[in-house]
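Novice: Let's see this in three dimensions:
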Amino acid sequence: MIDPAPPPDPDLQARQESGIGAVPWRVTDAIAVLVLWIIAAFAVGGFVIYGLQLLFPTVPGDAFTLSVTQVILAAVVVYFIRVRYPGAVGRLFGPVAPSAAAVLGGIGFGFIALAVFGFGLGNLLQLIANAMQAELPEVQEEFRELAVQESATPLLLLGAVVFGPVAEELFYRGLLFTALRRRLPLWPAMGLSGLLFGVSHLQTTLDGYLLVLLVIIPLGMFLAWIYERRGTLVVPILAHAVFNGVQVVLLIRSGGQL
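Specialist: Take a look at the predicted model:
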């Protein structure tokens with residue numbers, strides 16, 4: 001059972017801004033959520049994935065993993081905040097109500113992120129590797145393997161475009177970034193949340209991991225920045241969905257050779 005939060009500190013509340021950083025939770029809460037998610041992913045996720053494999057034997061097991069683990073992450077974030085800070089779940093989504101402009105902004109920022117961090121930075125790293133007569137390591141090998149399996153395509157898209165963006169934005173921007181923003185200026189809060197966002201994207205090789213960090217850390221910082229600027233989590237969720245979705249579609253169409 002999660003203990004109720006201690007009474008609010010009036011002095012701390014007086015120092016907080018009225019925007020993104022005006023939340024009751026702390027970084028320690030984000031750490032607690034991360035631990036609870038890992039436990040739940042192993043304790044519950046394994047059974048769920050096993051059951052889905054029995055129901056859909058033609059679908060590879062790895063195709064279920066992304067969606068199931070991300071749904072569990074979103075559920076843990078919402079449940080934790082609901083129990084520990086009653087009435088505060090809505091603050092995960094920001095102080096500004098979502099609007100049509102937020103939807104259009106999120107889609108637009110998604111294409112900007114894709115152009116800058118997906119294609120632009122990726123091509124720059126490729127040029128540097130060519131100049132050094134080296135090859136960039138393979139990354140996202142699991143996605144590449146799933147992209148060539150037709151039965152895995154719907155789940156791959158669902159996990160990358162819906163469950164992944166919603167769950168990761170709830171945790172990394174809605175919970176972690178805002179907790180950091182309570183105490184820190186914008187850029188340090190962006191940097192730390194972006195770093196942890198990048199570190200979470202594990203790869204099978206060290207050089208592949210370093211390559212992914214070079215792209216994902218600035219992407220995470222950008223998503224935090226647009227959350228700060230627009231004040232609603234709808235914008236980074238949609239930007240994240242566009243960033244993932246376009247790349248996954250291209251990966252599927254190219255037979256995993258993007």
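Novice: Where does the prediction get shaky in the chain?
Specialist: 1-18, 129, 133-140, 143, 255-258 (pLDDT under 70).
Novice: Please repeat the previous calculation with a cut-off of 90.
Specialist: 1-22, 43-67, 118-157, 201-212, 248-258 (pLDDT under 90).
Novice: Centroid-nearest residue for it?
Specialist: By C-alpha atoms, centre = their mean, the mean C-alpha position of the chain lies nearest to E168, the distance being 2.7 Å.
Novice: helix or strand for that one, which one?
Specialist: Here E168, judged by DSSP states H and E, is contained in helix 164-168.
Novice: Now that helix - C-alpha only, PDB.
Specialist: Written as PDB, here are the backbone C-alpha positions of helix 164-168 (Å, rounded to 0.1, in the frame of the first residue of the first chain):
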ATOM      1  CA  GLY A 164       5.000   3.900 -26.200                       C
ATOM      2  CA  PRO A 165       4.500   7.700 -26.600                       C
ATOM      3  CA  VAL A 166       1.600   7.800 -24.100                       C
ATOM      4  CA  ALA A 167       3.500   5.800 -21.400                       C
ATOM      5  CA  GLU A 168       6.900   7.400 -21.900                       C
END
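Novice: packing partners for it?
Specialist: helix 61-84, helix 234-253 (3 or more C-beta pairs under 8 Å, 6 or more residues apart in numbering; DSSP states H and E). C-betas here are computed from N, CA, C, even on glycine.
Novice: got CSV for the ones you listed, with distance to L210 and mean neighbour count too?
Specialist: Shown next, in CSV, are these (distance: least, C-beta to C-beta, whole Å; neighbours: other C-beta atoms under 10 Å):
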stretch, distance to L210, mean neighbour count
helix 61-84, 22, 20
helix 234-253, 19, 22
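Novice: can you redo those as a markdown table with distance to A30?
Specialist: Shown next, in a markdown table, are the helices and strands packed on helix 164-168 (distance: least, C-beta to C-beta, whole Å):
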| stretch | distance to A30 |
| --- | --- |
| helix 61-84 | 9 |
| helix 234-253 | 16 |
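Novice: Those helices: which one's closest to R183?
Specialist: helix 61-84 (18.3 Å; C-beta to C-beta).
Novice: picking up where we left off before, quick check, distance from the helix holding E168 to the centre of its chain.
Specialist: Taking C-alpha atoms, centre = their mean, to the nearest Å, one finds helix 164-168 lying 5 Å from the centre of the chain it belongs to.
Novice: who touches the helix or strand just after that helix?
Specialist: Counting by DSSP H and E, the next helix or strand C-terminal to helix 164-168 is helix 178-183. Helix 178-183 has contacts (C-beta atoms under 8 Å, 6 or more residues apart in numbering) with 12, 16, 20-23, 25-27, 29-30, 91-92, 188-189, 192-193, 228.
Novice: ok, 6 Å please
Specialist: With C-beta atoms under 6 Å, 6 or more residues apart in numbering as the test, helix 178-183 has contacts from 20-21, 23, 25-27, 30, 189, 192-193.
Novice: Relative to L52, how far out is A189?
Specialist: Distance of A189 to L52, given as C-beta to C-beta, to the nearest Å: 37 Å.
Novice: Looking at those two, which has the bigger crowd around it?
Specialist: Between A189 and L52, counted using other C-beta atoms under 10 Å, A189 has the larger neighbour count: 23 against 18.
Novice: Now the more buried one. Nearest residue, chain neighbours left out?
Specialist: L180 (3.9 Å; C-beta to C-beta, 6 or more residues apart in numbering).
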